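A.B. asks: following is a predicted model, sequence given first.
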Amino acid sequence: MEIVSRHPGYIDLHVHSTASDGSLSPLKIIELAKKIGLRAVAITDHDTIEGSAEALDRPQSPFLEILSGIEISADFSSGTMHILGYLMRLDDFSLTQTLKTLQEARATRNVKIVQKLQELGVNIRYDEVAAFSGGGQIGRPHIAQVLVHKGVAKSFDEAFRRFLKKGGPANVERYQLLPAEAIQAILQAGGVPVLAHPFTLNAKNETALDDILAGLKQAGLEGLEVYCPGHGPTNTALYERLARRHGLLMTGGSDFHGAAKPDVRLGSGRGNLRIPYRLVEDLKKSRE
Ligand SMILES: [Zn+2]
Ligand SMILES: [Zn+2]
């Protein structure tokens with residue numbers, strides 16, 4: 001495998017497939033990753049390991065390493081908290097059960113949102129929403145698409161603003177795991193829990209972020225997603241500093257969604273993302 005070590009290449013550890021809200025199937029993602037010469041990739045779908053399992057259930061290429069992955073949404077009132085997991089045993093019973101509960105909660109929530117819209121006098125049916133999802137996980141973006149398609153809202157943003165946003169007339173709160181529960185679910189399956197895109201926590205300053213990380217670390221967090229397209233150089237430096245201070249592994253990824261987020265490319269994000277393979281080596285070392 002000498003050729004591989006001479007060309008260490010880059011990685012992408014944050015990728016969504018059609019198993020959640022991405023537009024490419026797991027197999028298409030692997031094809032693309034090979035084409036652009038990535039050295040390692042992890043499919044990290046929202047609350048499901050199906051995409052990851054499909055990618056790993058194939059004969060593996062010696063040039064592209066596939067890590068098991070997931071992204072679990074956690075309940076966090078002042079912002080969005082996503083916990084990534086890597087290197088889990090995908091057949092772990094308790095993880096599978098937890099994810100099943102989360103999937104069911106997602107599904108009932110969508111039905112309730114459609115009901116609320118109907119009560120508001122909007123002509124919309126659940127099967128129309130399902131048709132927009134292309135067979136993957138259904139979410140509010142699909143409901144917004146139907147509202148735009150039917151002329152109820154002029155744009156995607158307007159659909160969210162008028163109906164679907166947090167506190168909006170058609171929104172329904174979704175059952176989510178507490179941060180410590182999400183971390184434990186990943187740990188129990190042998191995985192490495194990592195806080196995704198820390199900027200979405202909306203922490204007001206470094207001290208606030210410090211406190212959140214200290215709490216998560218105590219709950220078992222082992223890594224921080226330092227490299228992602230939403231982080232400028234200043235933030236990247238801040239997250240590197242925080243990761244070191246809290247003894248957290250560093251990871252990175254594009255949060256690629258395919259056509260659903262056309263400005264973000266696999267591997268390179270908005271153009272300048274370069275995540276070195278040694279981060280994968282660090283992840284694996286933590287499990288040796
Ligand atoms: Zn996320
Ligand atoms: Zn993501």
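C.D. replies: Looks like it arrived, so ask away. Numbers count the residues shown, from 1 in each chain. Ligands and ions are numbered 1, 2, ... in the order given.

A.B. asks: what's the per-residue pLDDT of the closest residue to ligand 1 within the stretch 51-200 of the chain here?
C.D. replies: As assessed by CB to the ion, ligand 1 sits closest to residue 82 within the stretch 51-200 of the chain, at 3.6 Å. C-beta: built from backbone N, CA, C; applies to glycine. Per-residue pLDDT puts residue 82 at 98.

A.B. asks: ditto for residue 247
C.D. replies: So, for residue 247, pLDDT stands at 98.

A.B. asks: assign a three-state SS to the nearest residue to it once chain neighbours are set aside, would you?
C.D. replies: Closest residue to residue 247 in three dimensions, ignoring its sequence neighbours and counting by CB to CB, 6 or more residues apart in numbering: residue 217, at 7.5 Å. Here residue 217 takes the helix state, with states given by DSSP: H, G, I helix; E, B strand; the rest coil.

A.B. asks: quick one on the thing from earlier: look up the closest residue to the residue of the stretch 51-200 of the chain closest to ligand 1, ignoring the ones flanking it.
C.D. replies: That would be residue 196: by CB to CB, 6+ apart, it lies 3.9 Å from residue 82.

A.B. asks: check contacts around the one you found.
C.D. replies: 14, 71, 82, 83, 84, 225, 228, 255 (CB atoms under 8 Å, 6 or more residues apart in numbering).

A.B. asks: hang on, the residue of the stretch 51-200 of the chain closest to ligand 1 packs against residue 71?
C.D. replies: Yes: Residue 82 is within contact range of residue 71, at 5.2 Å (criterion: CB atoms under 8 Å).

A.B. asks: okay, the residue of the stretch 51-200 of the chain closest to ligand 1 and residue 269: tell me how far apart.
C.D. replies: According to CB to CB, to the nearest Å, residue 82 stands 17 Å off from residue 269.

A.B. asks: same deal with residue 10?
C.D. replies: Distance from residue 10 to residue 269, by CB to CB: 11 Å.

A.B. asks: more neighbours: the two, which one.
C.D. replies: residue 269 (24 against 18; other CB atoms under 10 Å).

A.B. asks: return the set of residues that bridge with the more buried one.
C.D. replies: residue 265 (DSSP bridges).
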